[in-house]
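*Asks:* 3D model of this:
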Amino acid sequence: MAASPSHLLVLFALLLCANSVPLASSRALPASASGAGGANFSAASGKVYTKVCDAERFAERGLEMSAFRYCDASLPYAERVRDLIGRMTVEEKVVNLGDWSRGAPRVGLPPYKWWSEALHGLSDTGPTTLFDALTSKPGNHSGRAAVFNGTVFANVINSAASFNETLWKSIGQAVSTEARAMYNLGKGGLTYWSPNINVVRDPRWGRALETPGEDPFVVGRYAVNFVRGMQDVPGHDGAAGGDPYSRPLKTSACCKHYAAYDLDDWHNHTRFKFDARVTERDMAETFLRPFEMCVRDGDVSSVMCSYNRVNGIPACADARLLSGTIRGDWGLHGYIVSDCDSVRVMADNATWLNFTGVEASAASLRAGLDLDCGESWLTQHGKPVMDFLSINGMAAVAQGKMREADIDNALNNQYMTLMRLGFFDDIPQYSSLDDKDICTDEHRSLAVDGARQGIVLLKNADNLLPLDPKKIGAVAVHGPHALAPEKIMDGDYTGPPCRYVTPRQGISKDVEISEDANTTIYFGGINLHIEKEGNDREDLLLPKNQTEQILHHAAASPNPIILVILSGGGIDLSFAHNHPKIGAILWAGYPGGEGGNAIADVIFGRYNPGGRLPLTWFKNNYIHKIPMTSMQFRPVPELGYPGRTYKFYDGPDVLYPYGYGLSYSKFHYKTATNGTVVTVPAGGRHCKGLSYKSSVSTAPACPAINVDGHACTETISFNVSVINIGDKDGAHVVLVYTMPPPEVDQAPIKQVAAFQRVYVPASSTVSVPFTLNVCKAFGIVERTAYTVVPSGVSKVLVENVDSSVSFPVKIELSV
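*Replies:* Next up is the predicted model:
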């Protein structure tokens with residue numbers, strides 16, 4: 001999320017002045033809203049309150065808490081929320097529809113700032129999370145204590161490369177602990193608009209670093225685990241049933257950006273005006289799947305709609321996408337928020353149906369939007385840049401375009417979420433968290449381990465790596481990222497890290513750095529000037545000067561050099577992969593504050609790399625064959641467009657395929673399963689047609705069954721033996737793919753159905769069990785957008801660079 005174009009200059013000017021001129025706002029807010037704290041509310045005495053229903057807080061305002069039923073903790077949340085909303089006037093309701101909710105002091109409701117970010121650690125993006133400046137004088141800080149840093153984990157694309165669901169959940173748990181601590185200190189909120197779960201459709205997208213990659217199933221599993229880590233309170237994960245609207249939340253996560261959003265600014269096509277023309281098949285198969293998993297399996301408490309239009313309709317005003325799908329079909333237990341200024345964009349940028357601000361606001365609320373994020377901390381022409389719903393809500397009501405009942409429904413979804421978060425009552429088990437729980441040794445250790453797990457070894461000719469520091473003694477270090485200027489390793493959506501260890505610092509702990517050394521390490525790649533939110537890439541190449549420098553050092557070095565790449569998206573390294581004097585290539589992504597230590601651990605062999613690419617790394621020639629604006633995943637022969645991602649492209653323009661990754665060991669696979677037959681009962685109402693290739697003359701009586709409406713209890717189970725034939729212990733990612741029957745037309749080449757990361761000691765074997773649900777693992781999306789299980793012989797495939805095993809799965813549909 002970011003400011004819309006009309007506000008970018010304002011934001012730039014504010015950033016330039018940030019160190020010298022305090023940001024002022026003329027916004028009319030209660031005194032308690034304008035204090036230094038984050039989303040909390042403070043007394044005139046400076047006391048930070050962490051719950052609304054505090055009798056002392058009410059008394060300070062001349063109110064008796066017992067007179068307000070919404071503070072009666074013995075009542076169900078729904079009844080308390082009805083009481084609160086019922087006490088508010090329509091004017092009070094409207095000013096609580098934006099990200100900086102003003103509260104209703106008359107009835108004891110304080111303001112609340114909704115916007116916080118926690119993509120890979122607490123971020124200072126947005127107005128709520130407040131880190132103190134290192135230059136602050138003692139005692140001059142916000143909240144109850146000074147906090148200068150938070151744990152910055154590796155970027156999401158790095159974590160995805162670990163293929164480790166336990167790691168993803170652990171990161172969410174660590175981040176949410178630090179978030180609750182910041183809230184208790186009066187320096188942060190409880191609602192975090194993370195993670196980003198958009199599938200990377202095109203290798204040029206500038207936000208690839210924020211996402212878990214290109215496979216919708218893997219992206220969905222990342223979402224489920226990170227959200228569970230952020231939200232779940234032990235003993236209340238919802239597994240035992242009960243009312244999901246009363247399940248407590250540690251913090252609130254938000255899956256974004258919904259839907260079909262993966263273009264920021266490419267050749268004058270911007271996200272503010274882009275109309276994503278998407279087939280229903282691609283929506284069901286790719287764009288919606290991670291969000292459905294996030295809501296259904298992760299029980300996320302918020303979804304954010306995106307700037308772009310989808311087939312002509314702004315995502316934040318599409319009732320089918322919001323009320324119909326998120327809340328109706330999937331059963332969201334929470335609120336829907338706009339990407340920041342998305343409602344304003346409808347009137348100012350996309351000019352959808354020539355809507356005014358009033359009409360755009362009313363249309364969004366009617367479609368199911370509950371909260372409008374604006375650029376509420378910025379000023380323009382001396383006035384705050386407010387969200388559109390707060391600005392236009394009363395006019396919309398007066399003009400008969402907005403019903404008060406719709407406002408009530410939006411506030412109900414908001415306050416039910418805040419009830420579950422303990423905003424009104426606190427959650428005792430988290431009330432003692434404070435600054436001692438931020439940047440703990442445990443969190444820093446998790447950060448460096450996460451960064452190590454995501455490093456991918458792309459080349460290792462003649463086993464150049466790992467280096468033995470005792471034998472080499474010294475290395476020459478070159479490249480723009482050796483010193484990691486501008487804290488490049490942190491990536492985007494970040495706060496100040498607990499500590500920042502550059503690659504050069506990490507290397508220097510093991511060996512001397514000398515220009516005369518026989519071993520050279522070059523740290524190159526790209527940075528946020530090339531790929532980030534609001535900036536898509538022009539090509540997939542390294543900057544020209546880096547390529548020249550790498551070739552120069554390779555020629556000058558007596559031994560093959562080592563290339564370490566920092567980036568989010570893939571880079572065409574064909575010149576390096578094929579060069580005899582470039583012996584090893586490591587991809588380190590943007591590994592966070594502990595990145596220098598993680599890289600050194602891999603280079604010097606303390607850690608055996610086990611990461612696998614969550615993106616296809618294309619050669620640069622690929623992008624000349626298809627524009628970013630083409631949304632289709634399957635090839636478009638009439639336009640000459642190739643397919644997208646590993647699921648629909650296996651042509652010559654791939655440098656490193658999805659799931660690629662080497663190790664200092666070699667891992668081979670065996671399985672005792674030679675094949676299996678699954679019989680699925682299919683009543684006549686479940687049989688569906690299937691698209692076959694032209695060479696197929698006769699279709700079976702029941703070609704496929706519709707997953708929707710079928711019990712889907714059938715499973716297959718098998719074991720894969722992972723054999724480490726090397727002399728080094730290591731972790732290994734087992735990726736399980738399924739392949740549809742070859743006679744089915746336009747089906748995916750293959751698709752990830754399961755994965756596990758396992759530790760295998762040297763010269764040892766570990767048996768890894770898998771159980772696949774037939775509907776989920778073998779289901780494909782037909783032309784009609786039905787998800788179906790095809791009859792015939794599908795295949796299970798397990799493969800890595802050195803080994804593969806497969807077996808057929810015959811699916812018989814009994815009518």
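
*Asks:* Tell me where the stretch 601-750 of the chain has strands.
*Replies:* Applying DSSP state E, counting those that start in this stretch to the stretch 601-750 of the chain gives strands spanning 617-618, 654-656, 667-670, 676-681, 687-688, 704-706, 715-724, 730-739.

*Asks:* Give me the contacts around stretch 59-68.
*Replies:* 43-44, 53-55, 58, 71, 83-84, 87, 105, 107-108 (C-beta atoms under 8 Å, 6 or more residues apart in numbering). Every C-beta, even on glycine, is put in place using the N, C-alpha and C of the backbone.

*Asks:* Tell me the buried residues in it?
*Replies:* Residues L63, M65, F68 are the ones in stretch 59-68 that count as buried (16 or more other C-beta atoms under 10 Å).

*Asks:* Switch the residues you listed over to a markdown table; also include distance to K810.
*Replies:* Supplementary listing: the buried residues of stretch 59-68 in a markdown table, determined by distance: C-beta to C-beta, whole Å:
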| residue | distance to K810 |
| --- | --- |
| L63 | 70 |
| M65 | 67 |
| F68 | 65 |
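
*Asks:* Turn those into JSON lines, including secondary structure, pLDDT and distance to V696.
*Replies:* Shown next, in JSON lines, are the buried residues of stretch 59-68 (DSSP: H, G, I helix; E, B strand; the rest coil; pLDDT from 0 to 100; distance: C-beta to C-beta, whole Å):
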{"residue": "L63", "secondary structure": "coil", "pLDDT": "98", "distance to V696": "75"}
{"residue": "M65", "secondary structure": "helix", "pLDDT": "98", "distance to V696": "72"}
{"residue": "F68", "secondary structure": "coil", "pLDDT": "98", "distance to V696": "69"}
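
*Asks:* which regions of this protein lie under the pLDDT threshold?
*Replies:* 1-39, 42-46, 136-141, 239-240, 376-377, 384, 684-685 (pLDDT under 70).

*Asks:* quick one, longest helix in it?
*Replies:* As assigned by DSSP state H, the longest helix anywhere in the chain is helix 165-184.

*Asks:* packing partners for that one?
*Replies:* Counting contacts by 3 or more C-beta pairs under 8 Å, 6 or more residues apart in numbering; DSSP states H and E, helix 165-184 packs against helix 156-162, helix 216-231, helix 441-453.

*Asks:* The same query, at a cut-off of 10 Å, please.
*Replies:* helix 156-162, helix 216-231, helix 441-453, strand 751-760 (3 or more C-beta pairs under 10 Å, 6 or more residues apart in numbering; DSSP states H and E).

*Asks:* Figure out how far that helix is from the centre of its chain.
*Replies:* Taking C-alpha atoms, centre = their mean, to the nearest Å, one finds helix 165-184 lying 15 Å from the centre of the chain it belongs to.

*Asks:* now it against helix 441-453, angle please.
*Replies:* For helix 165-184 against helix 441-453, the angle by axes from the mean of the first three to the mean of the last three C-alpha atoms, to 10 degrees is 140 degrees.

*Asks:* Buried residues, helix 165-184. List them.
*Replies:* 165, 167-184.

*Asks:* and if you look at stretch 789-798?
*Replies:* V789, P790, S791, G792, V793, S794, K795, V796, V798.

*Asks:* Could you count how many residues lie near the closest residue to V90 other than its chain neighbours?
*Replies:* Residue nearest to V90 in three dimensions, not counting chain neighbours: E404, with 5.4 Å by C-beta to C-beta, 6 or more residues apart in numbering. By other C-beta atoms under 10 Å, 13 other residues sit near E404.

*Asks:* list the contacts for E404?
*Replies:* E404 sits next to T89, V90, K93, V94, G393, V397 when contact means C-beta atoms under 10 Å, 6 or more residues apart in numbering.

*Asks:* Grab the nearest non-local neighbour of T440.
*Replies:* Using C-beta to C-beta, 6+ apart, the closest residue to T440 is T151 (7.9 Å).

*Asks:* related to what we said a few turns ago, just the buried subset of the contacts of stretch 59-68, please.
*Replies:* Among the contacts of stretch 59-68, those scoring as buried are A43, C53, D54, F58, C71, D83, L84, R87, P105, V107, G108 (criterion: 16+ other C-beta under 10 Å).

*Asks:* So the third one is in contact with D425, correct?
*Replies:* Yes: at 9.4 Å, D54 and D425 qualify as touching, with contact defined as C-beta atoms under 10 Å.

*Asks:* what do those two both touch?
*Replies:* With C-beta under 10 Å, 6+ apart, D54 and D425 have common neighbours C71.

*Asks:* Name the stretch among the helices and strands packed on helix 165-184 that sits most buried.
*Replies:* With neighbours defined by mean count of other C-beta atoms under 10 Å, none of the helices and strands packed on helix 165-184 is more surrounded on average than helix 156-162, at a mean of 29.

*Asks:* And the closest residue to G651 other than its chain neighbours, how far from L613?
*Replies:* By the measure of C-beta to C-beta, 6+ apart, the closest residue to G651 outside its immediate chain neighbours is P642, 6.0 Å from it. Separation of P642 from L613 (C-beta to C-beta, to the nearest Å): 19 Å.

*Asks:* Neighbour count for the two, which is higher?
*Replies:* Neighbour count, other C-beta under 10 Å: between P642 and L613, L613 has more, with 22 against 17.

*Asks:* Please report phi then psi for the closest residue to H478 other than its chain neighbours.
*Replies:* Counting by C-beta to C-beta, 6+ apart, H478 lies nearest to Y522, which is 5.0 Å off, once chain neighbours are set aside. Backbone torsions for Y522, taken as degrees, to the nearest 10, come to phi -110, psi 120.

*Asks:* ok, Y522 - contacts?
*Replies:* Y522 makes contacts with 476-482, 546, 549-550, 552-554, 557, 561-565, 576, 582, as judged by C-beta under 10 Å, 6+ apart.

*Asks:* That one and H579, how far apart?
*Replies:* Separation of Y522 from H579 (C-beta to C-beta): 12 Å.

*Asks:* L542 now?
*Replies:* For L542, the distance to H579 - C-beta to C-beta - is 13 Å.

*Asks:* overlap in contacts of these two?
*Replies:* Common neighbours of L542 and H579 (C-beta under 10 Å, 6+ apart) are I550, L563, L573.

*Asks:* hang on, the second one packs against A461?
*Replies:* So the one you mean is L563. No: L563 is beyond contact range of A461, at 11.5 Å (criterion: C-beta under 10 Å).

*Asks:* Which one of those two is surrounded by more residues?
*Replies:* Per other C-beta under 10 Å, whichever of L563 and A461 has more neighbours is L563, with 29 against 15.

*Asks:* show me the contacts for the residue most central in space within the chain.
*Replies:* Nearest to the geometric centre of the chain sits N196, at 2.8 Å (C-alpha atoms, centre = their mean). Going by C-beta under 10 Å, 6+ apart, N196 touches 1, 117, 119, 156, 207-212, 219, 223, 254-257, 261, 304, 492-493, 533.

*Asks:* Which ones among those residues map onto helices?
*Replies:* Under the assignment DSSP H, those contribute V156, V219, A223 to helices.

*Asks:* centre of the chain versus the helix or strand containing N545, how much separation?
*Replies:* Under the criterion of DSSP states H and E, N545 resides in helix 544-556. Distance of helix 544-556 from the chain centroid (C-alpha atoms, centre = their mean) equals 35 Å.

*Asks:* coming back round to it: of the contacts of Y522, just the buried ones, PyMOL syntax please.
*Replies:* Buried subset of those, written as a PyMOL selection, criterion 16+ other C-beta under 10 Å:
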select buried, resi 476+477+478+479+480+481+482+546+549+550+553+554+557+561+562+563+564+565+576+582
